[in-house]
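In: pasting the sequence and the predicted model now:
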Amino acid sequence: MLNPDFSSHSASPTAQLSQQGWPSEAPARVAGHAVEMLATPRKLALTLACHADKSSRALGNRALAPALVGPLTSLSVLDKTTGTQSAALAALFASPDPVRTLTQQVHEALEGTGQTYVNHTSVLVRHGREFILEQYYRDRGIQQDIVPLSSSAVAAENRRITAVTNGTIEGNLVCDPCMVFSIVNAQYLKANWAFPFHRRDTSQSEFMTGEGQVLTVETMSKRFSSAAKLAFMQNHSLQAVQLPYVSRPGARHQLSMLLVMRMDKSLKQPSATETEEAMQGLQPYVSDEGPYEVIEVCLPRFRIKSRTDLLQVFQDHGAGAALTQDKTRFPGVELGEFAQESVLKVDETGTEASAVTLMRFRESGRPPVTGCLKFNRPFTAILCMENAAGRTTGPVEFLFSGQVNDPSVMAA
């Protein structure tokens, strides 16, 4: 965490959405929450990054790649009936091909730095249905190849997933006879800190888990002078710091990791509202304008691997109807699965992150085929991209996120 004891002595347009599309018995509070979640691409990604799984008793770690969740839905055939949640989701992105736009922005930020970002999307469609998607993509100006669905195509996609994610996630798609089409995205990022930690400064330190258990974990430590221009904030309720990655000089965007932790005794993860508050409160460290001569950051090494049911997450936020498909354009088809498997690893040199996101569409009425596809208390880690000119000049993209409740649990 930012050491509180260390001192000198030691934006996209808002989509308009009515409450049409919610069940009549849905509380206004949930409906209002869904409207807010679908207000901007930034708000959608931040809500997903800070989602708390209320169905899980165990306070486990969770990784996610929230920035591409919304854009990937643009490759499905969303219902655009005016006033519905799905129409609001479809209207969020100014670009007709937001997946490609985001990929280009990350590549531009990392160009020439020797770092890696790979992003690949495949659309597999059952024979006889491909012309519907081809026409839909053509009409919208989306450049996306369509692959005929077959056992060999699924096997090839599994190999591609493993290759794109550098072996961190194994492809395990199955050729489901009920499946009409699937959208599969795999991405991988390897980024280095602009100011790396040193292994010699890593030591055993206490961490209090979300369940109140005090553990001893490997904790990195680094001191920053004002020359690093480190952005941080710390008050009685929140602390946050933004650690930059190596970016191309002069790039319009730059990568950084935002670390946010609540300072109260609740041991809860920060909410989307609190994370937004922390981002707004970030200020570049200037030694002659504050009480500290040096800022020390203490952060545990961690590796998270998890699977998230995104369909359930949208439903938890009252926005399940946002994923409604256009039954006039693609009749007899419904979204059966929307899930993401993600990995997030942080150590002294930087970050390795990967994610595989699957949207599987099946024939309506058929049952789905189930497949298994010193921050010293719970904190959220979000790998984000922002305009190099400043945080307030444009929207922030949240590429990967992690909720760390127990860093001693290292995923294999």
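Out: Nice, thanks for sending it over. Small disclaimer: the values here were computed from a predicted structure and weren't measured.
In: tell me, how many residues neighbour the nearest residue to residue 364 once chain neighbours are set aside?
Out: Nearest residue to residue 364, sequence neighbours excluded (C-beta to C-beta, 6 or more residues apart in numbering): residue 334, at 4.8 Å. Backbone N, C-alpha and C define where each C-beta goes, glycine included. The number of residues packed near residue 334 is 17, by other C-beta atoms under 10 Å.
In: each with direction, which strands does the one helix or strand residue 334 maps to pair with?
Out: For residue 334, the element it lies in under DSSP states H and E is strand 333-346. Strand 333-346 has the following sheet partners, assigned by DSSP bridges: strand 302-309 (antiparallel), strand 350-363 (antiparallel).
In: export those strands to a markdown table and tack on distance to residue 236 and mean neighbour count?
Out: Putting the strands paired with strand 333-346 into a markdown table (distance: least, C-beta to C-beta, whole Å; neighbours: other C-beta atoms under 10 Å) gives the following:
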| stretch | distance to residue 236 | mean neighbour count |
| --- | --- | --- |
| strand 302-309 | 26 | 20 |
| strand 350-363 | 30 | 23 |
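In: to residue 213, which of those strands lies closest?
Out: Of all the strands paired with strand 333-346, strand 302-309 sits nearest to residue 213, with 15.9 Å by C-beta to C-beta.
In: residue boundaries of the helices in the stretch 151-300 of the chain?
Out: 151-164, 272-281 (DSSP state H, counting those that start in this stretch).
In: could you count how many residues lie near the nearest residue to residue 276 once chain neighbours are set aside?
Out: Closest residue to residue 276 apart from its sequence neighbours, by C-beta to C-beta, 6+ apart: residue 46 at 6.7 Å. The local packing of residue 46 (other C-beta under 10 Å) involves 25 other residues.
In: right, and residue 46 touches residue 278 too?
Out: No - using C-beta atoms under 8 Å, residue 46 is not in contact with residue 278; the gap is 11.2 Å.
In: how many neighbours does residue 212 have?
Out: When neighbours are defined as other C-beta under 10 Å, residue 212 has 10 of them.
In: about what we covered before: dump the strands paired with strand 333-346 to CSV, plus distance to residue 400 and mean pLDDT.
Out: Listed next are the strands paired with strand 333-346 as CSV, based on distance: least, C-beta to C-beta, whole Å; pLDDT from 0 to 100:
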stretch, distance to residue 400, mean pLDDT
strand 302-309, 10, 95
strand 350-363, 4, 95
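In: report the separation between residue 259 and residue 279.
Out: Using C-beta to C-beta, to the nearest Å, residue 259 is found at 11 Å from residue 279.
In: quick check: neighbours shared by these two?
Out: residue 240 (C-beta atoms under 8 Å, 6 or more residues apart in numbering).
In: have a look at the two and say which one is more surrounded.
Out: Taking other C-beta under 10 Å, residue 259 and residue 279 do not tie; residue 259 has more neighbours (24 against 21).
In: what comes into contact with stretch 111-119?
Out: So stretch 111-119 is contacted by 68, 99, 102-103, 106-107, 110, 164, 185-192, 245-248, 251 (C-beta under 8 Å, 6+ apart).
In: in strands only, show me those.
Out: Taking DSSP state E, the ones among those that sit in strands are 185, 186, 187, 188, 189, 190, 191, 192.
In: residue 349 is in contact with the last one, correct?
Out: Yes - counting by C-beta under 8 Å, residue 192 does reach residue 349; the two are 5.8 Å apart.
In: higher neighbour count, those two?
Out: residue 192 (16 against 13).
In: now the more buried one: how far from residue 224?
Out: Residue 192 sits at a distance of 16 Å from residue 224 (criterion: C-beta to C-beta).
In: how about residue 44?
Out: Per C-beta to C-beta, residue 44 is found 32 Å from residue 224.
In: looking at those two, which has the bigger crowd around it?
Out: Set side by side, residue 44 and residue 224 show more neighbours around residue 44, with 29 against 18, by other C-beta under 10 Å.
In: what's the closest non-adjacent residue to the more buried one?
Out: Per C-beta to C-beta, 6+ apart, closest to residue 44 is residue 70, 4.9 Å.
In: before we move on, what about residue 52?
Out: residue 269 (6.2 Å).
In: from the chain's centroid, how far away is the strand holding residue 334?
Out: Relative to the chain's own centre, strand 333-346 is displaced by 11 Å; criterion: C-alpha atoms, centre = their mean, to the nearest Å.
In: tell me where the stretch 51-200 of the chain has strands.
Out: Remark: strands assigned in the stretch 51-200 of the chain by DSSP state E, counting those that start in this stretch are 62-64, 116-125, 146-148, 179-192.
In: which one of those lies nearest to residue 379?
Out: Closest of the strands of the stretch 51-200 of the chain to residue 379 is strand 62-64, at 12.0 Å (criterion: C-beta to C-beta).
In: what comes up buried for that closest one?
Out: Within strand 62-64, the residues scored as buried using 16 or more other C-beta atoms under 10 Å are 62, 63, 64.
In: residue 283: which of these is nearest?
Out: For the buried residues of strand 62-64, the nearest to residue 283 is residue 64 (27.4 Å; C-beta to C-beta).
In: contacting residues for that closest one?
Out: Neighbour list for residue 64: 48, 49, 51, 306, 308, 340, 342, 355, 400, 401, 402 [criterion: C-beta under 8 Å, 6+ apart].
In: ok, the fifth one touching residue 355?
Out: No - under the criterion of C-beta under 8 Å, residue 308 makes no contact with residue 355, lying 9.5 Å away.
In: which neighbours do these two share?
Out: Going by C-beta under 8 Å, 6+ apart, residues that sit against residue 308 and also against residue 355 are 64, 340, 341, 342.
In: and the second one, how far from residue 98?
Out: From residue 340 over to residue 98 the distance is 17 Å, taken as C-beta to C-beta.
In: looking at the two, which one has more neighbours?
Out: Neighbours per residue (other C-beta under 10 Å) separate residue 340 from residue 98, with residue 340 holding more: 25 against 21.
In: hmm, that one is touching residue 311, no?
Out: No - look at residue 340 against residue 311 with C-beta under 8 Å: they stay out of range, at 10.5 Å.
In: in this protein, which ranges drop under the pLDDT threshold?
Out: The chain contains residues with pLDDT under 70 at 1-34, 54-59, 286-291, 365-373, 388-396, 412.
In: go with 50
Out: Scanning the chain for pLDDT under 50 picks out the ranges 1-30, 56-57, 366-373, 392-394.
In: burial count for residue 159?
Out: Residue 159: 11 neighbours (other C-beta under 10 Å).
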